[in-house]
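Chemist: coords please:
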Amino acid sequence: MKKIAFFCIPAHGHTNPMLPVAAELVKRGNAVRFYSFNEFEQKILSTGAEFVSCDKYLPAITQAEEEKLKNVNTTEMTLQDIRITIGMNDFMEKEFADFHPDVVYTDSVCFWGKLNAWKHKVPMVCSTSTFAFNQLSSQYMKYSLGEMKEMIFGLPKISKELKKLKPYGYQVESTLSLLQNDNSTDTVVYTSRNLQPCAASFSDHYAFVGPSVFSDLTPNKQKERPLVYISLGTVINDRPDFYHKCIQALSNMNADVIISCGRYMDKSLLGELPANVQAFAYVDQLEVLSRADVFITHCGMNSVSESLYMAAPMILYPQTNEQRAVARRVEEKGAGLLLRDDSAKGIRKAVEKALNDSRYTVAANECCRDLRSCSGAAGAADFIENAPHTSVGVDPLVQLNRSSKRFRLCYWILAIALIILFAVLVSRNYAWIIGLAAGILAYPIGNVFQKIKFKSICKKSKRQNR
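Modeler: Next up, the predicted model:
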């Protein structure tokens, strides 16, 4: 029997996949102590784990800060995580001294879980509720101008706040080291290797276990007419304007429509609903998806995983950079199409295409079989019980980074040589243009080199493993 401390941020999308893992570990006789928040108490207690409330350590926030958190503002989330860690410091000192956990299982963006595992030198396994991201897979993210601006102007605030951790014994190199796991960090990811972008770049410290769910349901699409399900998740879902457009688009369609609009929105704002449309604050999403023929989704990882687990093709409507990365991967797999026109006409056209083009259904079924072949919560429990893990293979990113360093050196030697040559043979006055061009092209050319080199490393690895 092991003592395992669970940590998670106050978010459904991050907590939900950890619950079946907790239940599995308890069933095996392990002692699980789950540090979470009051709104999740009953769910956690139902797994058999011990619930420890952390609500009193949530700092008071202004209305503006709350709005930023609701809109998944990375800077604000990081600042609040650091403040919560400091606020919980004395409490965590006592808890680690009392419980003596053998393993810490923490959400990947739960700073107080990660930092206390490092501080108290307890083996740590990270729970990753979206795709695993590194220097290659993070290229799937497409940041909007607003998000880029927010990150750039937020860095000084974060750096200032990070310094406050050191007096408490928390050693942090950078924000990136907190947010992004490296290939030496034991990590559970709730998807398959087949669905994970750039899967070959992750070491065997990563366990791709597939969806972690409480359900024995299987897809059952037999009914009189199609079912379209609409949900924007549990965070950025106060969107009556979008739901109105969906209702307008689908009201006269020969299909049934279910909308899950979330607790933050007053359902009455939708007005009188057409006969074929139903709206709820909450539904049993897996049950609905098991019957759904199309899912209009914000592309949260849990929602997408559950949709594919139930073989439901998707209309992809991402709201954040992380969700855009998930949407891109689903689109690559052919199991969904991006909603580029969110007018009523555009929504209608997208739904009709998803319903009438069998390729989306075929791809969703292929993904369904893939995810159902994964080890799920049992595999995650195995991985946690056996932590810490040692890697038996070569880290592909180490090889890639060595090659990239050599490439950058050669690139700038060549660029300097061209600048000198231009200055001597053409004009010293305009040689700076070559330098400017080299600087602008360095990043995209470097990315192309990385992709080509990575493919070469993967091919070599496959030949050696034969």
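Chemist: contacts and neighbour counts: CA atoms only from here.
Modeler: Fine.
Chemist: Low-confidence regions, the protein specifically.
Modeler: 61-73, 143-144, 146-147, 151, 234-238, 264, 393, 461-466 (pLDDT under 70).
Chemist: max-length helix in it?
Modeler: In the chain, with assignment by DSSP state H, the single longest helix is helix 431-465.
Chemist: does the residue nearest the centre of the chain sit in a helix, a strand or a coil?
Modeler: Closest residue to the average C-alpha location of the chain: residue 130 at 2.2 Å, with CA atoms, centre = their mean. The three-state assignment at residue 130 reads coil, by DSSP: H, G, I helix; E, B strand; the rest coil.
Chemist: by contact count, what packs against the longest helix of the chain?
Modeler: Under the contact criterion of 3 or more CA pairs under 8 Å, 6 or more residues apart in numbering; DSSP states H and E, helix 431-465 touches helix 396-425.
Chemist: Tell me which other helices or strands the helix it packs on touches.
Modeler: Packing contacts for helix 396-425, counted by 3+ CA pairs under 8 Å, 6+ apart, involve helix 431-465.
Chemist: Buried residues in the helix it packs on, which are they?
Modeler: 431, 434, 435, 438, 446, 449, 450, 453, 454, 457 (16 or more other CA atoms under 10 Å).
Chemist: repeat for stretch 391-410
Modeler: Residues 395, 396, 397, 400, 403, 404, 408 are the ones in stretch 391-410 that count as buried (16+ other CA under 10 Å).
Chemist: Can you name the residues in contact with that stretch?
Modeler: The contact list for stretch 391-410 (CA atoms under 8 Å, 6 or more residues apart in numbering) reads 183-184, 200-205, 446, 449-450, 453-454, 457-458.
Chemist: if we can go back for a sec, contacting residues for the residue nearest to the centre of the chain?
Modeler: Counting by CA under 8 Å, 6+ apart, residue 130 touches 189, 190, 300, 301, 302, 322, 326.
Chemist: again, only this time at 6 Å
Modeler: By CA atoms under 6 Å, 6 or more residues apart in numbering, the contact set of residue 130 is residue 301.
Chemist: how about JSON lines for the buried residues of helix 431-465, with distance to residue 377 added?
Modeler: Formatted as JSON lines, those follow (distance: CA to CA, whole Å):
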{"residue": "431", "distance to residue 377": "60"}
{"residue": "434", "distance to residue 377": "55"}
{"residue": "435", "distance to residue 377": "53"}
{"residue": "438", "distance to residue 377": "49"}
{"residue": "446", "distance to residue 377": "39"}
{"residue": "449", "distance to residue 377": "38"}
{"residue": "450", "distance to residue 377": "34"}
{"residue": "453", "distance to residue 377": "35"}
{"residue": "454", "distance to residue 377": "31"}
{"residue": "457", "distance to residue 377": "32"}
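Chemist: Tell me the one of the residues you listed nearest residue 152?
Modeler: Residue 152 has its nearest neighbour among the buried residues of helix 431-465 in residue 446, at 21.9 Å by CA to CA.
Chemist: mind checking how far the closest one is from residue 175?
Modeler: Using CA to CA, to the nearest Å, one gets 24 Å for the distance from residue 446 to residue 175.
Chemist: How about residue 11?
Modeler: Residue 11 is 20 Å from residue 175, by CA to CA.
Chemist: now swap in residue 97 and tell me
Modeler: From residue 97 across to residue 175, the span is 27 Å (CA to CA).
Chemist: Now do stretch 391-398: distance to the chain's middle.
Modeler: Its chain's C-alpha centre and that of stretch 391-398 lie 23 Å apart, by CA atoms, centre = their mean, to the nearest Å.
Chemist: wait, stretch 35-54
Modeler: For stretch 35-54, the distance to the chain centre is 22 Å (CA atoms, centre = their mean).
Chemist: Same question for stretch 283-301.
Modeler: 18 Å.
Chemist: got it, and stretch 388-399?
Modeler: On CA atoms, centre = their mean, the centre of stretch 388-399 falls 23 Å from that of its chain.
Chemist: How about stretch 262-270?
Modeler: How far stretch 262-270 lies from its chain's middle: 26 Å, per CA atoms, centre = their mean.
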